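1. give me coordinates for this.
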Amino acid sequence: PGQFSIDQTTQGAFTGVLAIGTSEEAITFTDIGTLGWLTMHNLDTTNYVDWGPDSGGSMVAVGRMTANEVAVFRLKPGITLRLQANTASCKVLFKCYND
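-> Model (predicted):
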C-alpha cells in the first residue's frame, strides 16, 4: 500500500482532469502508444461515476467510483474506456501510463 511501480517498454503517460457528464463519454488518452496502467480519481465530493469498456457504442458498466474514490487497474491494449457521472458532472483525474 502506498507504492506503485510500473515497468514500461516505452516511457510515456497521459495526465489530465476531465469533466465527466451524465451522458456516457469515451475517454481518449493522447500520446499513449499502448495502454497500460490507469489510475482514476473522482474529485467530486458528492456524486459517483460509473466506468467500463465500450461495447458497440455504449458502456458495459463494471465499476463505480463514489465521491473522492480512486480506481487503479491495467487496461487491455486497444480497449475504449467509457465513463458516466450519476447526477451531475464530475471532475476525474486520469493518469494513464504507456505499457
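2. which strand or helix spans the residue nearest in space to the middle of the chain?
-> Taking CA atoms, centre = their mean, the centroid of the chain lies closest to residue 40, which sits 4.8 Å from it. Following DSSP states H and E, one finds residue 40 within strand 35-42.
3. please work out the average pLDDT along the next helix or strand after that strand.
-> Once strand 35-42 ends, the next helix or strand along the chain (criterion: DSSP H and E) is strand 49-55. What strand 49-55 shows for mean pLDDT is 97.
4. which regions of the protein sit below the pLDDT cut-off?
-> Confidence mapping of the chain against pLDDT under 70 gives the ranges 1-2, 4, 8-9.
5. need the distance between the two termini of stretch 34-52.
-> 18 Å (CA to CA, to the nearest Å).
6. tell me which stretches of the protein form strands.
-> 13-20, 25-27, 35-42, 49-55, 58-59, 63-65, 70-74, 81-85, 90-98 (DSSP state E).
7. just the residues contacting the longest one, thanks.
-> When contacts are taken as CB atoms under 8 Å, 6 or more residues apart in numbering, the neighbours of strand 90-98 outside the stretch itself are 6, 8-20, 27, 29, 32-44, 47-49, 65, 75, 83. C-beta coordinates here come from the backbone N, C-alpha and C atoms, glycine included.
8. distance from it to the middle of the chain?
-> Put simply, strand 90-98 sits 5 Å off its chain's centre (CA atoms, centre = their mean, to the nearest Å).
9. just give the closest residue to residue 70, not the sequence neighbours.
-> Spatial nearest neighbour of residue 70, excluding adjacent residues (CB to CB, 6 or more residues apart in numbering): residue 41 at 4.8 Å.
10. hang on, the earlier thing: show me the contacts for the residue nearest to the centre of the chain.
-> Contacts of residue 40 (CB under 8 Å, 6+ apart): 51, 65, 70, 71, 72, 83, 92, 93, 94.
11. and the residues you listed, which is closest to residue 57?
-> Distance ranking of these against residue 57, using CB to CB, places residue 83 first at 14.5 Å.
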